[in-house]
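S.K.: Need coordinates for the below:
(one chain, ligands or ions: 1)
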Amino acid sequence: MKKILQDLSFAQLKNLVAELGGKPFRAVQLYKGMALGKRISEINADAPLREKLLADYEDEPVAVEKTFRSADGTEKYLFRLSDGNLIEGVLMKYKYGNTQCVSTQVGCRMGCKFCASTLGGLVRNLTSGEILSQVYKVNALHAEGKSRGVTNIVLMGSGEPLDNYDEVVGFLKNVTAEEGINISARNISLSTCGLAPDIYRLADEGIPVNLTISLHQTTDEGRRRTMPIANRYSIAEILQACSYYFEKTGRRYIFEYSLISGENCDAEHAEQLIALLKGRPCHVNLIRLNAVKERELRSPDDRQAYRFLGLLTKGGLSATLRRSMGGDIGGACGQLRANYINGQTI
Ligand code: SAH
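M.R.: As a prediction, this is how the structure comes out:
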């Protein structure tokens, strides 16, 4: 595999272009061209410079292999990487803008019982430029006139972002950089299953993205049943890290809580969740579990889901039940890639 030009910051690209004998404005052309989702060979830059770059760098590190459109407007993408690996992404359309869900790893080694991305373990980490290229590609598909096609980003595709810390932070720096696509950190959410020490590191990076924790259970014991990472870090340790994140960034943090029938959404769980989170500067996002066919777990019905939401809000928590989108195109984490690899389209 060649190197990836999208890994470089604008300053690094300027140095590279200078080393290769190119004029400074060529670096601007290249950086802007890449942000428009173009291949290097398509960018209007000096031909000899382009040839030199293409000798060492991938022409198109992330290509759109297939696009699936849901009846509700959600789009799901299957991307092909230079080494043939596949990753997936989603674009959800809301009134206020378009939110893209990006992947940070091929596969995942966290082993959560409800998630399809982890079924085959971790294949490899993505580089920062491979994460960024997903945004460039989807933005280019949806940009109309001057408006951005992608206004918000969530790091909730396959992979555990904090298990690929350096590349993810590199991505965050480049995606928020003024010279590039310039998406504000406030419009970016990073979701983690709870790698507590890395939450402290992230708080100190000076990139105040929204922190989202995949909690899904109210006790360490329950969490250990569905999320192996709970053997390493307790809920108390995660909450402490969240407090530090809030102190440093001033950003309210969010808990993702996937409702699993018979596991985590009875009245006792509501009480425990209220005791755990009441008074904290946080929000609880309830999601109906997307049943993964390789797994036994099921979502509760709507009545139980709304009942659980009612109990939380009555108990003083800020909580919402997320509208499920793109269910007809394999909405849940890793399902599309898993199905595609197994030879089915959906
Ligand atoms: N590894 C990170 C980000 C990727 S998963 C994390 O754990 O947060 C993104 C979110 O989707 C997480 O909250 C995850 O728990 C949730 N998720 C995964 N599979 C799901 C499923 N089948 N149904 C509902 N939510 C799921």
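S.K.: and the helix or strand M34 falls within, how far from the chain's centre?
M.R.: In this assignment (DSSP states H and E), M34 forms part of helix 24-35. Put simply, helix 24-35 sits 26 Å off its chain's centre (C-alpha atoms, centre = their mean, to the nearest Å).
S.K.: Pull out the buried positions in that helix.
M.R.: Buried residues in helix 24-35, counting neighbours by 16 or more other C-beta atoms under 10 Å, are found at 26-35. C-beta: built from backbone N, CA, C; applies to glycine.
S.K.: Show me which of those residues is closest to H283.
M.R.: A35 (31.6 Å; C-beta to C-beta).
S.K.: Pretty sure the closest one sits against A177.
M.R.: No - applying C-beta atoms under 8 Å as the test, A35 and A177 come out as separate, 9.8 Å apart.
S.K.: roughly how far apart are the nearest residue to G111 once chain neighbours are set aside and C115?
M.R.: Nearest residue to G111 in three dimensions, chain neighbours excluded: P228, at 4.4 Å (C-beta to C-beta, 6 or more residues apart in numbering). As judged by C-beta to C-beta, to the nearest Å, P228 and C115 stand 11 Å apart.
S.K.: Compare neighbour counts for these two and give me the winner.
M.R.: C115 (23 against 16; other C-beta atoms under 10 Å).
S.K.: The ligand contacts on this structure?
M.R.: 110, 112, 114-115, 156, 160, 191-193, 214, 256, 258, 287, 289-290, 292, 332-333 (C-beta under 6 Å from any ligand atom).
S.K.: rewinding a little: now do the next helix or strand after the helix holding M34 and helix 24-35, the angle between them.
M.R.: Per DSSP H and E, the first helix or strand lying C-terminal to helix 24-35 is helix 47-56. Put simply, helix 47-56 runs at 50 degrees to helix 24-35, going by axes from the mean of the first three to the mean of the last three C-alpha atoms, to 10 degrees.
S.K.: Tell me which helix or strand comes right after helix 47-56, heading toward the C-terminus.
M.R.: strand 62-69.
S.K.: How far off centre is the helix or strand following that next one?
M.R.: Using DSSP H and E, the helix or strand that follows strand 62-69 in sequence is strand 75-81. In this view, strand 75-81 has its centroid 14 Å away from the chain centroid, taken as C-alpha atoms, centre = their mean.
S.K.: same deal with stretch 123-141?
M.R.: The answer for stretch 123-141 is 11 Å, by C-alpha atoms, centre = their mean.
S.K.: Please determine how far N187 is located from L172.
M.R.: Distance of N187 to L172, given as C-beta to C-beta: 12 Å.
S.K.: before we move on, what about D198?
M.R.: 13 Å.
S.K.: what helix or strand does the residue lying closest to T104 once chain neighbours are set aside sit in?
M.R.: Residue nearest to T104 in three dimensions, not counting chain neighbours: G159, with 3.8 Å by C-beta to C-beta, 6+ apart. Remark: G159 resides in no helix or strand, with elements defined by DSSP H and E.
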